[in-house]
Structures are given as structure tokens and as C-alpha cells.
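A.B. asks: curious how this folds, go ahead:
(one chain, ligands or ions: 1)
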Amino acid sequence: MNAINKVGIVGCGLMGAGIAEVCARAGKDVVVVEMTTPAVTAGRQRLETSLSRAESRGKVASAAEVLERIQVVEDIEALADRGLVVEAIVEDETAKSTLFKRLDEVVKDPDAVLASNTSSIPIMKLAVATERPTHVLGIHFFNPVPVLSLVELVPSLLTDPETTERARAFVQDDLGKHAIDCQDRAGFVVNALLIPFVLSAIRMLESGFATAEDIDQGLVRGAAHPQGPLALADLIGLDTTKAVAESLYEEFKEPLYAPPPLLARMVDAGLLGRKTGRGFYTY
Ligand code: NAI
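C.D. replies: Now for the predicted structure:
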């Protein structure tokens, strides 16, 4: 099995930057593609902030040395020579399918693995946008990527087992993550369990049953969760939480997955959680 040394990431937001960081920390050559010049600048800044924090905590010897292995660019053609591309753009099926079609044209190596970090969009929808569905799978990282060790590997019905094994070797042996295997169903393992829990907490707040602080303290102090469900929603991003809930609802048609009106109104208002400075809490 060929090792993967040249990695491409599309999207340098919360997840794309985290994935780029762990790949570069593992010694990989990384190219990240963003859409606009301001997004490239913001993405670079995100990487610098995270890596200098890691350096000050003694997690990396030299932030500068890791940053040297990462290029953030606007031109998608820069992914032509990559052995693995991980897509981490907005959770929107049309945007992702369009991108996979483009990646299929741009990435030259026929053995290259084309992966999505999607939380809830069926991998098959992205695979069939390409002429090489055998090389497409989900590699779902968790936020914050440099801290959380889990990765969900999600082959579609058409993924070649060799593709899955190359992805497994990359995330486990090269990145030092722990991989679990999931079927290609919305939410995979973790979000299928976590999102209804977060939505229940939002419904509890919405009904006036308890305050945000008390709901979160209930789970932190009463169930030993590291953070409560509303703080977790703020960390994930309320737009992403809503998008994942919608995909789960679309797939299973279960009311427990339907985004509550409060979540929808907060997204409309631009109160997206930590990334905008205000969600259920103010940052
Ligand atoms: P984000 O909103 O922080 O970042 C998305 C980035 O993609 C933005 O910087 C945007 O400019 C860029 N982008 C959008 N379209 C693009 C395109 N066509 N080409 C290049 N760049 C483009 O979102 P986040 O949270 O990083 O999520 C990304 C993906 O990761 C989503 O699919 C999400 O479901 C998934 N995910 C999110 C987690 C979370 O906790 N936020 C956890 C695990 C997966």
C-alpha cells in the first residue's frame, strides 16, 4: 500500500485548519484551498494561532517549522499532485457535490483518496459526483481536531476496500488517531447519538424549563460530561448543528432530529456560537 505524503484540504475553517494542523504535525506536506483572499488570510491566521498555542504548551517543538509544511492558497489546481484530499467546506450537499466533481477533474493521481469530513451528508451523494466513486469515502474528524483522537471511517457502497485501508493506515499510523468504522448513514455513530441530545437541551431551554447554565451544569456535575450540551453546540457552531440536524431529519424523518425554532432563529440572527462571539453564551 502506497504511503500518503501529500495531503490537500479544502476549507480552512474550524475543521479544515485543524485537519491541516494535525497532518503537518505528522510531517505531511499540506496544501489548503480556500475560496477568497480574506478567507485565505483568516485560515492562515487560524493555523498560526493554534500552532503558537500548541508550541507554548509544549505540544509542538516549533510552530514555525510545522507552518512551513502548510500552504494556504486560492487555486484549487494546487491539489493536482495530492495523494489524499479531505474536503471540509460548509455542510451543504450542493456545494460539496460541485466540489467533488471539480476535485475529480483536478486531482491527477488515479490512486488518490478523495475524502469528505461531512458530519451528515451521505458519502454516496458525493461519490457519484465523481468518475471514481471507488476512491471516495468519509473521514470524519472531531472538533478540536488536534485534541480529539476519534476519526469515523465511512465507506460508501461503492468504496474500494483498498481505499478504506489506505485511509485507515493514514489516520491511525500517520496521524495517531483511533478509527471506528461506520455505515454510510446520516450522522454516522457519534452525531446520530449526540445531535438529538443537543436538540433536546435546546428544546428544554426554549420551553423555559431550565436556564442554559443549569442545563449544562446538570450534565457536567450530574453525568460527568466535560461540557454541557449548549456549550457543546456553541463549540460545534449553531449553523453546523442545524445543518447536521436537518440532514438527520431528512434521512430518518424522526421528530427528535428536527431543529427546534430557537436554533433556527439563532442561526438567522448570526448567533453561531464561539466563532461569532455569541450563541447560548457570550465569548
Ligand atoms: P466553517 O464554516 O468553520 O469552515 C468552512 C470553510 O470552508 C470556510 O472557511 C469557507 O470559506 C470554506 N469554503 C466554503 N466553500 C468552499 C469552497 N468551495 N472552496 C474552498 N473553501 C470553501 O465550518 P467547519 O465547522 O469547519 O465545518 C466544515 C465541515 O466539517 C462541515 O462539513 C461540517 O459538517 C464538518 N464537521 C464540523 C465539525 C464541527 O464541530 N464544527 C465536526 C466535524 C465535522
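A.B. asks: show me where this protein has helices.
C.D. replies: 14-25, 37-56, 63-67, 93-106, 123-127, 161-169, 190-206, 212-223, 229-236, 238-252, 261-268 (DSSP state H).
A.B. asks: for Arg274, what are its contacts?
C.D. replies: Shown in contact with Arg274 (CB atoms under 8 Å, 6 or more residues apart in numbering): 234-235, 237, 283. Where you see a C-beta, it was placed from the backbone N, CA and C, and this is true even at glycine.
A.B. asks: for Asp29, that is, sorry about that
C.D. replies: By CB under 8 Å, 6+ apart, the contact set of Asp29 is 5-7, 69.
A.B. asks: are any of those buried, and which?
C.D. replies: Buried subset of those (neighbour count, 16 or more other CB atoms under 10 Å): 6-7, 69.
A.B. asks: turn the residues you listed into JSON lines, including pLDDT and distance to Met204.
C.D. replies: Below are the buried ones among the contacts of Asp29 laid out as JSON lines (pLDDT from 0 to 100; distance: CB to CB, whole Å):
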{"residue": "Lys6", "pLDDT": "98", "distance to Met204": "47"}
{"residue": "Val7", "pLDDT": "98", "distance to Met204": "41"}
{"residue": "Arg69", "pLDDT": "98", "distance to Met204": "45"}
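A.B. asks: helix or strand with the lowest mean pLDDT in this structure?
C.D. replies: In the chain, no helix or strand scores lower on mean pLDDT, DSSP states H and E than helix 238-252, which sits at a mean of 94.
A.B. asks: return the alpha-carbon coordinates of that helix using CSV.
C.D. replies: Extracted in CSV, the C-alpha atoms of helix 238-252 (Å, rounded to 0.1, in the frame of the first residue of the first chain):
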residue,chain,number,x,y,z
LEU,A,238,-25.0,26.6,15.6
ASP,A,239,-25.1,26.7,11.8
THR,A,240,-23.3,23.4,11.6
THR,A,241,-25.5,21.9,14.4
LYS,A,242,-28.7,22.9,12.5
ALA,A,243,-27.3,21.6,9.1
VAL,A,244,-26.5,18.3,10.7
ALA,A,245,-29.9,18.1,12.4
GLU,A,246,-31.6,18.8,9.0
SER,A,247,-29.6,16.0,7.3
LEU,A,248,-30.5,13.6,10.0
TYR,A,249,-34.2,14.6,9.8
GLU,A,250,-34.1,14.3,6.0
GLU,A,251,-32.7,10.8,6.3
PHE,A,252,-34.8,9.3,9.1
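A.B. asks: for the ligand, what's the nearest residue on the protein?
C.D. replies: Using CB to the nearest ligand atom, the single residue of the chain nearest to the ligand is Gly13, 1.8 Å away.
A.B. asks: how confident is the prediction for the residue nearest to that residue when sequence neighbours are not counted, by pLDDT?
C.D. replies: Nearest non-adjacent residue to Gly13, counting by CB to CB, 6 or more residues apart in numbering: Ala88, 6.9 Å away. What the model reports for Ala88 is a pLDDT of 98.
A.B. asks: for Ala88, give me phi and psi.
C.D. replies: phi -140, psi 50 (degrees, to the nearest 10).
A.B. asks: count of neighbours near Gly222?
C.D. replies: By other CB atoms under 10 Å, 8 other residues sit near Gly222.
A.B. asks: residue contacts, it?
C.D. replies: Per CB under 8 Å, 6+ apart, neighbours of Gly222: none.
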